[in-house]
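Novice: Need coordinates for the below:
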Amino acid sequence: MPTAIYVHASATAHLPVALRVLDGCARELLGVVDGATIVKIDRDRPRISYLEYPNFDADPHPALRSVYVATLNTLRGDYRDYTDRSNRPILHRKEQFVADDYPLKQLSAPGED
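Specialist: As a prediction, the model looks like this:
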């Protein structure tokens, strides 16, 4: 994406070393983010977000439940809960965020058999 890199949480080991270091710093700041499905790494600022999409594998277009954000230059952590919103953001093209070796990659691609 133009403003950020999005990757499935299971694919962070495939990132270049510099991005893995940023991810490690964010995890050090926030701690373990249980349920994080997608990791968003901003391109223009030192900020990492951990997005939780429940039923990622089963739902073709899962709705966002929550986001933990680590802003590394200020060492600030934030949490946003989307469960009470009537129009929660939906994840599209989720098959593009998983690595080629993701066990359920075929299931992640809506409409493909």
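Novice: Do a quick rundown of the helices in the chain.
Specialist: Secondary structure of the chain (DSSP state H): helices at 17-30, 105-108.
Novice: From Asp101, how far off is the spatially closest residue to Asp78 that is not a sequence neighbour?
Specialist: Leaving aside its sequence neighbours, Asp78 sits nearest to Val69 (CB to CB, 6 or more residues apart in numbering; 4.5 Å). Placement of C-beta: from N, CA and C, glycine included. Per CB to CB, to the nearest Å, Val69 is found 28 Å from Asp101.
Novice: How about Ala70?
Specialist: 27 Å.
Novice: Between these two, point out the one with more neighbours.
Specialist: For Ala70 versus Asp101, the count of surrounding residues by other CB atoms under 10 Å is larger for Ala70: 24 against 9.
Novice: Who are the contact partners of the residue lying closest to the more buried one once chain neighbours are set aside?
Specialist: Spatial nearest neighbour of Ala70, excluding adjacent residues (CB to CB, 6+ apart): Ala26 at 3.6 Å. Ala26 makes contacts with 48, 50, 70, 72, as judged by CB atoms under 8 Å, 6 or more residues apart in numbering.
Novice: how about the most centrally placed residue in the chain, what does it touch?
Specialist: Centroid-nearest residue in the chain, with CA atoms, centre = their mean: Ile38, separated by 1.6 Å. Going by CB under 8 Å, 6+ apart, Ile38 touches 6-9, 50-51, 53, 91, 97.
Novice: any idea how far Tyr68 lies from Asn55?
Specialist: Counting by CB to CB - Tyr68 and Asn55 are separated by 19 Å.
Novice: Neighbour count for these two, which is higher?
Specialist: Tyr68 (22 against 11).
Novice: Excluding covalently adjacent residues, which one is nearest to the more buried one?
Specialist: Tyr68 sits nearest to Tyr50 (CB to CB, 6+ apart), 4.5 Å away.
Novice: Run a quick neighbour tally on that neighbour.
Specialist: Neighbours of Tyr50 (other CB under 10 Å): 24.
Novice: Please apply the same query to Leu51.
Specialist: Neighbours of Leu51 using other CB under 10 Å come to 26.
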